[in-house]
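In: What would the 3D arrangement of this be:
(chains A and B)
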Amino acid sequence: MLTDLTLAEARAGLRAGRFSSRELTLAFLGAIEALNPRLNAFITVTAERALAQADAADAALARGEHAALTGIPLAIKDLYCTAGVRTTAGSRILAPFVPSYESTVSANLLRDGAVFLGKANMDEFAMGSSNMTSAYGAVTNPWTRRGDNRALVPGGSSGGSAAAVAARLALGATATDTGGSIRQPASFCGIAGIKPTYGRCSRWGVVAFASSLDHPGPLARTVEDCAILLGSMAGFDPKDSTSADIAVPDFAAACARGVKGLRIGVPREYRSDGMAPEIEALWRQGLDWLRAEGAEIVDVSLPHTRYGLATYYIVAPAEASSNLARYDGVRFGARTEGHDLIELYENTRAEGFGSEVKRRVMIGTYVLSAGYYDAYYLRAQKVRALILKDFTDVFQQVDALLTPTAPTAAFAQGERMDDPITMYLNDVFTVPANLSGVPGLSVPAGLDAQGLPLGLQVLGRHFDEETVFAVGAAIERAAGFPALPSIRAGA
Amino acid sequence: MSLDPATVRRIARLARIRVDEAQVTQMQAELNAILGWIEQLNEVNVDGVAPMAGGSQGMAQRLRVDAVTDGGMADQVLANAPDRAGAFYAVPKVVE
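Out: This is a model prediction of the structure:
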């Protein structure tokens, strides 16, 4: 089945003329039509556009022209502005928003010939770890527990992107990661995903949540597919003042490097008392695989790890409260009328934002308000500096770190919804890489006792995604992760 | 630090989010739980630590030439406005 191909295989098939991009695109559109009513992975499907892009790709291929992604069907997280296609950020407040411009990252993908199938569901403004905060409904994880048909969450915030890729509704997807929103859904859905170094992918045209923590990146079924996608997405962009003017290496080539002679660190602070034994066992297994491939395993310390989440839940809401001030019911987005301008603002935002977004905007407003700035925000910025120093120190000793991606496997829709802080704890292993800006990749490595996928996380030095890909690909080869989700195209 | 109902209302006002009286108590409890949880940062010794602002490490923020590089697209800019009057955004009357 065409939908079972990896991105790399599909690309080779297109180039060899074994099938056309139209055939490939139709296969994915058919899978979306069949399964999206169950999964709700897409908010918007752009079938006609996709077919027009596929035909253009086929014409290019017929002329012997092929760019990195010519004819490859992808899902685009609905946080990326797409010219002429509604972009909601998972929020009611952006329900009527149709950008007139294309985000830099999605424009890079189009430049390289990609086909866009549609816009993927997500937690509202990327605030969430379960995709339950979307104004467009929950996303169902294509995986289910053995002998239990309850719908599970795909993780979040890039839950629609991850579910679409895992269920074979797209060859790959764009996603974003502010506190773990690429890596945690990758782990929950049994696929690969990388949050690159801060500055590697332009944020221009990606709806802002917390600008110093937001990282665009890809999700795909294999590490190599992520490397191919990142190669197209990355690159210097003068329109983003934090974009890095650094050459984009051949990430895909790095996947074949192997790990011989690499020093892999095991941060002791990630070994929490409450860790599920099967996650700890998988972690140990991952280290054994790397050792068997010639890597040296080193115990290391990241002493401020335990303060990562609290730091994050000051910095991220603070930035969000500033960024989301733009939704005022005047310039774009939904409006709820009021008797005067202030009432218009207050009504618009009360109606337009969901409860998690309101909570974070309120927290952010408070920690930035007069009298509290030093106690909360300034202190958090200082702890953030210490967390960064933990990483720069440890990367003097080792080339990469290996940790679990998330403290648990996917949970059921409705579980852990009572208390916001319980939900925040999902990101305990992923948040430090956002605070420090180092690259992090999640690779599917095994199953838990209930048959759900678990991911391992590889962290690397700033702008050394190549080593991260090398380590991730080595784990992928050793794991030979064979399991398939129960809900998928052709199943 | 614990928020009282008046502070919750003040923050909501600053954030320009209408909060009904019925919501104040629930929000107060949720916000206090989060603020109580993040107070663990007080344990950390941050003496002499320079605060980290922004995500780019070791890279100076670029400045560009102060020149117009974009613009002249009023229709595109206004295309998503909920209400407009000619080439302007329309809002309820602000000045009597």
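In: residue nearest the centroid of chain B?
Out: In chain B, the centroid-proximal residue (C-alpha atoms, centre = their mean) is residue B:15; its distance is 6.9 Å.
In: In terms of helices and strands, where is the closest residue to that one other than its chain neighbours?
Out: Counting by C-beta to C-beta, 6 or more residues apart in numbering or on different chains, residue A:365 is the residue found nearest to residue B:15 once chain neighbours are left out, at 4.3 Å. Every residue, glycine included, has its C-beta placed from N, CA and C. Assigned by DSSP states H and E, residue A:365 falls within helix A:355-367.
In: Direction-wise, compare the next helix or strand after that helix with helix A:355-367 and give the angle.
Out: Going down the chain from helix A:355-367, the next helix or strand is helix A:379-394, by DSSP H and E. Using axes from the mean of the first three to the mean of the last three C-alpha atoms, to 10 degrees, the inter-axis angle of helix A:379-394 relative to helix A:355-367 is 100 degrees.
In: And the strands in chain B?
Out: B:84-85, B:88-89 (DSSP state E).
In: Run through who's touching the last one.
Out: This points to strand B:88-89. Contact with strand B:88-89 is made by A:330, A:331, B:78, B:81, B:83, as judged by C-beta atoms under 8 Å, 6 or more residues apart in numbering or on different chains.
In: Mark which of those are buried, thanks.
Out: A:330, B:81 (16 or more other C-beta atoms under 10 Å in any protein chain shown).
In: List the contacts of residue A:367.
Out: Under the criterion of C-beta under 8 Å, 6+ apart, the neighbours of residue A:367 are A:314, A:317, A:318, A:373, A:376, A:377, A:380.
In: Ok, residue B:52 next?
Out: Contacts of residue B:52 (C-beta under 8 Å, 6+ apart): A:381, A:382, A:384, A:385, A:388.
In: Specify which residues of the chain, grouped into ranges, have pLDDT under the cut-off.
Out: All of this is about chain A. A:273 (pLDDT under 70).
In: let's do chain B instead
Out: Flagging of chain B using pLDDT under 70 yields the residue ranges B:1, B:57-60.
In: other SSEs contacting the lengthiest helix in chain B?
Out: Longest helix of chain B, by residue count under DSSP state H: helix B:21-38. Secondary-structure packing of helix B:21-38 (3 or more C-beta pairs under 8 Å, 6 or more residues apart in numbering or on different chains; DSSP states H and E): helix A:308-323, helix A:355-367, helix A:420-424, helix B:5-14.
In: phi, psi of the most far-flung residue of chain B relative to its centre?
Out: In chain B, the residue that sits farthest from the middle, by C-alpha atoms, centre = their mean, is residue B:86; the gap is 29.4 Å. Note on residue B:86: its backbone torsions stand at phi 60, psi -130 [degrees, to the nearest 10].
In: do the same with residue A:447
Out: Here is the backbone geometry of residue A:447 (degrees, to the nearest 10): phi -120, psi 150.
In: Wasn't residue A:156 part of a strand?
Out: No - going by DSSP: H, G, I helix; E, B strand; the rest coil, the assignment for residue A:156 is coil, not a strand.
In: need the contact list for residue A:309.
Out: A:424, A:425, A:427, A:428, A:431.
In: Look up how far residue A:424 lies from it.
Out: Per C-beta to C-beta, to the nearest Å, residue A:309 is found 6 Å from residue A:424.
In: cool, and residue A:354?
Out: Separation of residue A:354 from residue A:424 (C-beta to C-beta): 16 Å.
In: re earlier: would you mind measuring from the residue farthest from the centre of chain B to residue B:76?
Out: 15 Å.
In: and if you look at residue A:403?
Out: The gap separating residue A:403 from residue B:76 is 45 Å, by C-beta to C-beta.
In: How about residue A:135?
Out: In terms of C-beta to C-beta, residue A:135 sits 25 Å off from residue B:76.
In: Can you report phi and psi for residue A:14?
Out: The phi and psi values for residue A:14, taken as degrees, to the nearest 10, are phi -60, psi -40.
In: Let's verify the residue lying closest to it once chain neighbours are set aside: helix, strand, or coil?
Out: Excluding the flanking residues, the one nearest residue A:14 by C-beta to C-beta, 6+ apart is residue A:71, at 4.7 Å. Three-state call for residue A:71 (three-state DSSP): coil.
In: okay if I get the helices and strands packed on helix B:21-38 as a markdown table plus distance to residue A:481?
Out: Putting the helices and strands packed on helix B:21-38 into a markdown table (distance: least, C-beta to C-beta, whole Å) gives the following:
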| stretch | distance to residue A:481 |
| --- | --- |
| helix A:308-323 | 28 |
| helix A:355-367 | 32 |
| helix A:420-424 | 27 |
| helix B:5-14 | 46 |
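In: Export the strands of chain B to TSV and append columns for distance to residue A:169 and mean neighbour count.
Out: Formatted as TSV, the strands of chain B follow (distance: least, C-beta to C-beta, whole Å; neighbours: other C-beta atoms under 10 Å in any protein chain shown):
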stretch	distance to residue A:169	mean neighbour count
strand B:84-85	38	12
strand B:88-89	39	13
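In: and these as JSON lines, adding distance to residue A:300?
Out: Listed next are the strands of chain B as JSON lines, based on distance: least, C-beta to C-beta, whole Å:
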{"stretch": "strand B:84-85", "distance to residue A:300": "58"}
{"stretch": "strand B:88-89", "distance to residue A:300": "54"}
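In: circling back: quick check, the residue nearest to residue B:15 in contact with residue B:13.
Out: No - assessed by C-beta atoms under 8 Å, residue A:365 is found out of contact with residue B:13, at 9.4 Å.
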